[in-house]
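Colleague: sequence plus predicted model, see below.
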Number of protein chains: 2
Amino acid sequence: MNEWSRLDAAELNEIYVEQLEQYKAYQDRKLRLDMSRGKPCPEQLDLSAGMLDAIRAGEPVTAEDGTDARNYGGLDGLPEAKRLFADLLGVQPDEVIVGGSSSLTMMYDTIVRAMLFGVPGGDKPWGKEAAVKFLCPSPGYDRHFAICEQLGIEMIVVDMKEDGPDMDQVERLVAEDAAVKGIWCVPKYSNPDGITYSDVVVDRLAGMKTKAGDFRIFWDNAYVVHDLSPLPSRLKPIFAACREAGCPDRVFEYCSTSKVSFAGSGVAAMAASRGNLDAIRKTLAVQTIGPDKINQLRHVRFFGGPDGVRAHMEKHAAILKPKFAAVLTLLEERLGGIGIASWSKPDGGYFLSLNTMDGCAKAVVAMAAEAGVTLTKAGATFPYGLDPRDRNIRIAPSYPSLNELQTAIEIICLCVRIVSARKLLDARV
Amino acid sequence: MNEWSRLDAAELNEIYVEQLEQYKAYQDRKLRLDMSRGKPCPEQLDLSAGMLDAIRAGEPVTAEDGTDARNYGGLDGLPEAKRLFADLLGVQPDEVIVGGSSSLTMMYDTIVRAMLFGVPGGDKPWGKEAAVKFLCPSPGYDRHFAICEQLGIEMIVVDMKEDGPDMDQVERLVAEDAAVKGIWCVPKYSNPDGITYSDVVVDRLAGMKTKAGDFRIFWDNAYVVHDLSPLPSRLKPIFAACREAGCPDRVFEYCSTSKVSFAGSGVAAMAASRGNLDAIRKTLAVQTIGPDKINQLRHVRFFGGPDGVRAHMEKHAAILKPKFAAVLTLLEERLGGIGIASWSKPDGGYFLSLNTMDGCAKAVVAMAAEAGVTLTKAGATFPYGLDPRDRNIRIAPSYPSLNELQTAIEIICLCVRIVSARKLLDARV
């Protein structure tokens, strides 16, 4: 089929009417399909059933250093848990703090601490600065942006390119403004595009000159082991790059097992230089006596080690791959070659981006909702919920069954076609 | 024996020399006994072994409202977990937020939120005030004081009396100074005295006039079910008292199962008015997607309900009672009737207070350490670590075995006798 922009009004109208009829048929089915969040599906959660039996009554609950995991103590995680995360993140065990169940909480708390107490390299708490600004490569993760918004941190949109954030923009902004204290990055299988940063981007982030002496990269490596291809994307290790560039304190890295074991009952960890971690431990010791060590031990025993995690992730991939494939197939069938949408084709992670023509995303999401398909709010992938081109829609294929997913994508494609046809028709008036 | 203050120098010197000899014999034994923290002993932790089997692989991990506890979602806790804590705290389920594993973290986060965003009834965040002050009934819990110190909250010492804080002091301070925003309370079996607040104290706290419109009581009900006597202390419910007094938003209450199930892997909860909780949920939703719901469900299933918790606490009491009894017996034997020390006799909780003559506590703790007995740092039970009379020593009988405990108390009593004799001798020169 030709690009729709070349069709005349009669042809467009014919398409519009026909698609609207199909849409109404879906509406009559009173569907309720939720694709708003990147939640694992029940079959994925079943993969970790053995976690529940990993430590049974009567078995020792003792860590390798003799710590009784049932009692108080151990501020920053068990040694075997640190080693497991260190291996997954490509850092040393003493560069890791293993925490509770949520990496989002670790990020939030890191920024709150920076606001209240500052970070090494700064001369005052961020909260005492006239302004604090974060660079937000967008589309990005709405919960990152919500943290900044709540804490009064001004967000500056940076464009996402094929291989990561637009580094010309980033380098210019960090060099000229000392108020720019941070950048949000989901460097592997980014949320929502599924992009993995190139080596060049990692090196430029690690080595760029920042006006702020206490600038930090918030490296949310949420999908570090979440590959869908047998030839997974390789992300250049940023810690080594930062050390080589003479900026060893520049990165806070985060990950969790929320999408490995149980979402919400997993184990989260962060990595940073020893200097950063010493500063964090000092304040952390007042916030908590220590994390849930039994759950850390459960994870270590269930997975056995990093290879066990990787083998486990292959089982996740076996469930997720057909879902991602189905989405891509349908998008191609329904929206391919007609010039009204484009989309990303990730090799891992939990999301893909669907970009409509400018000014169509909100209308598509609203129409889909009226046919029973709940999507992430249009605009949510941008700071303050404002997508300047109103075109980005986040697709989360993991939770629905394959059948539900196909129906949902059919409906979304229909909505894109209807809204696009109407827009093109309007332009002809 | 007579009071030592009436002895002459020769008699005191004889005691001093004799006790010092005994002390040196203990030193030669190279003991290592840690009584610094209120940790449950291994036998207490064994009581909850069944918790590890409370949810097994293959069993449903579904809450009563259909929530899959393995997945994301549910910001403030499962309904059955809310109900359990509501019953224990004497509030309604919708007045409860069930969190992660640490009530200390919930307290810390509540105050951080107040600093950054304020609380209902206030006109600005506490962090924007010229000064924020907390009343600290002392001796009290060192970790409460550490939170204030870290956040730059000025602490004002209030004396502890037999039935709670000196309410004349409290009422005067809250009435005259709008910077006084809070008071720390461990109302049942207080840390370290083991005192339970009287009804009169609860009523005066609930009804007192505060100059600050956003004053809060931090009601750390850590020992709500931690009775050692078959006729436990009864604490008047503060929520009802506050509502009756027309101050429904005045209290934040906290508790956890850290000393019920597993210390560090338990479940924590807080209670507050619906207005307070709505404000908290609004900010909490940015900090976390939700707490570990599997662990909440584990606790609900293991205990069955509030009566199950109470029955479980009787097993704890059976282990702890002989330890508290041994401490009290030895204190009476070694230090009774000679006018050099006094101590509290709690009916529950985890601590008791040993008060030496003024100016002796630091020396006693140092001497005990040199004989291998680690105690909580002298002064730690007061804000900024400064015990104005240098007399309060916190005794934590739970962790050591009965034998170790008896040895430790023998050594502490020896140290008190030696330091006291020396002090009385010095005064005679």
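Modeller: Thanks, I have the structure now.

Colleague: the residue most central in space within chain A: what's it in contact with?
Modeller: Centroid-nearest residue in chain A, with CA atoms, centre = their mean: residue A:191, separated by 3.8 Å. Contacts of residue A:191 were listed using CB atoms under 8 Å, 6 or more residues apart in numbering or on different chains, and they are A:38, A:140-141, A:222-223, A:349-351, A:394. Bear in mind the C-beta positions are built from the backbone N, C-alpha and C, glycine included.

Colleague: in which helix or strand does it reside?
Modeller: In this structure, residue A:191 sits in neither a helix nor a strand according to DSSP states H and E.

Colleague: how close does it sit to residue A:104?
Modeller: The span separating residue A:191 from residue A:104 equals 12 Å under the rule CB to CB, to the nearest Å.

Colleague: for residue A:153, same thing?
Modeller: Here the distance between residue A:153 and residue A:104 works out to 16 Å (CB to CB).

Colleague: can you check residue A:190 too?
Modeller: In this structure, residue A:190 and residue A:104 are separated by 16 Å, where distance is defined by CB to CB.

Colleague: what do you get for residue A:355?
Modeller: Taking CB to CB as the criterion, residue A:355 is separated from residue A:104 by 26 Å.

Colleague: ok, residue A:394 next?
Modeller: 17 Å.

Colleague: okay, these two: which has more neighbours?
Modeller: residue A:394 (27 against 24; other CB atoms under 10 Å in any protein chain shown).

Colleague: let me see the backbone angles for the more buried one.
Modeller: For residue A:394, the backbone dihedrals (degrees, to the nearest 10) come out as phi -90, psi 130.

Colleague: list the helices and strands the helix ranked longest in chain A packs on?
Modeller: In chain A, with assignment by DSSP state H, the single longest helix is helix A:306-335. The contact analysis (3 or more CB pairs under 8 Å, 6 or more residues apart in numbering or on different chains; DSSP states H and E) places helix A:306-335 against helix A:42-46, helix A:79-89, helix A:293-303, strand A:341-343, strand A:352-356, helix A:402-428.

Colleague: for residue A:33, which of those is the nearest?
Modeller: Evaluated with CB to CB, the helices and strands packed on helix A:306-335 place helix A:402-428 nearest to residue A:33, the distance being 4.5 Å.

Colleague: which parts of that closest one are buried?
Modeller: Along helix A:402-428, the positions that meet the burial threshold by neighbour count (16 or more other CB atoms under 10 Å in any protein chain shown) are A:404-424.

Colleague: need the helices and strands packed on helix A:306-335 in CSV with mean pLDDT, can you?
Modeller: Compiled in CSV, the helices and strands packed on helix A:306-335 are given as follows (pLDDT from 0 to 100):
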stretch, mean pLDDT
helix A:42-46, 98
helix A:79-89, 98
helix A:293-303, 98
strand A:341-343, 98
strand A:352-356, 98
helix A:402-428, 96
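
Colleague: mind giving me JSON lines with the ones you listed and columns for distance to residue A:285?
Modeller: What follows is the helices and strands packed on helix A:306-335, written out as JSON lines (distance: least, CB to CB, whole Å):
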{"stretch": "helix A:42-46", "distance to residue A:285": "34"}
{"stretch": "helix A:79-89", "distance to residue A:285": "17"}
{"stretch": "helix A:293-303", "distance to residue A:285": "16"}
{"stretch": "strand A:341-343", "distance to residue A:285": "47"}
{"stretch": "strand A:352-356", "distance to residue A:285": "41"}
{"stretch": "helix A:402-428", "distance to residue A:285": "46"}
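
Colleague: relative to residue B:165, which of these is closest?
Modeller: Nearest of the helices and strands packed on helix A:306-335 to residue B:165, taken as CB to CB: helix A:293-303 at 35.1 Å.

Colleague: just the CA trace of that closest one, in PDB.
Modeller: The C-alpha coordinates for helix A:293-303 follow below in PDB (Å, rounded to 0.1, in the frame of the first residue of the first chain):
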ATOM      1  CA  LYS A 293      18.900 -10.700  54.700                       C
ATOM      2  CA  ILE A 294      16.800 -13.800  54.600                       C
ATOM      3  CA  ASN A 295      15.500 -12.800  51.200                       C
ATOM      4  CA  GLN A 296      19.000 -12.100  50.000                       C
ATOM      5  CA  LEU A 297      20.100 -15.500  51.100                       C
ATOM      6  CA  ARG A 298      17.000 -17.000  49.400                       C
ATOM      7  CA  HIS A 299      18.000 -15.400  46.100                       C
ATOM      8  CA  VAL A 300      21.600 -16.500  46.400                       C
ATOM      9  CA  ARG A 301      20.600 -20.100  47.100                       C
ATOM     10  CA  PHE A 302      17.900 -20.300  44.500                       C
ATOM     11  CA  PHE A 303      20.100 -18.900  41.700                       C
END
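
Colleague: quick one: that helix near chain B?
Modeller: Yes. Remark: helix A:293-303 sits within contact range of chain B at A:293-295, by CB under 8 Å from any CB of the partner chain.

Colleague: below-threshold pLDDT in chain A: ranges please.
Modeller: For chain A, applying pLDDT under 70 flags the ranges A:1.

Colleague: which residues in it form strands?
Modeller: Taking DSSP state E as the test, the strands found in chain A are A:33-35, A:96-98, A:133-138, A:154-161, A:164-165, A:180-185, A:216-220, A:251-256, A:268-271, A:341-343, A:352-356, A:373-375, A:392-395.

Colleague: now the ones you listed as JSON lines including distance to chain B?
Modeller: Supplementary listing: the strands of chain A in JSON lines, determined by distance: least, CB to the nearest CB, whole Å:
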{"stretch": "strand A:33-35", "distance to chain B": "11"}
{"stretch": "strand A:96-98", "distance to chain B": "13"}
{"stretch": "strand A:133-138", "distance to chain B": "14"}
{"stretch": "strand A:154-161", "distance to chain B": "14"}
{"stretch": "strand A:164-165", "distance to chain B": "23"}
{"stretch": "strand A:180-185", "distance to chain B": "14"}
{"stretch": "strand A:216-220", "distance to chain B": "14"}
{"stretch": "strand A:251-256", "distance to chain B": "11"}
{"stretch": "strand A:268-271", "distance to chain B": "10"}
{"stretch": "strand A:341-343", "distance to chain B": "24"}
{"stretch": "strand A:352-356", "distance to chain B": "19"}
{"stretch": "strand A:373-375", "distance to chain B": "14"}
{"stretch": "strand A:392-395", "distance to chain B": "16"}
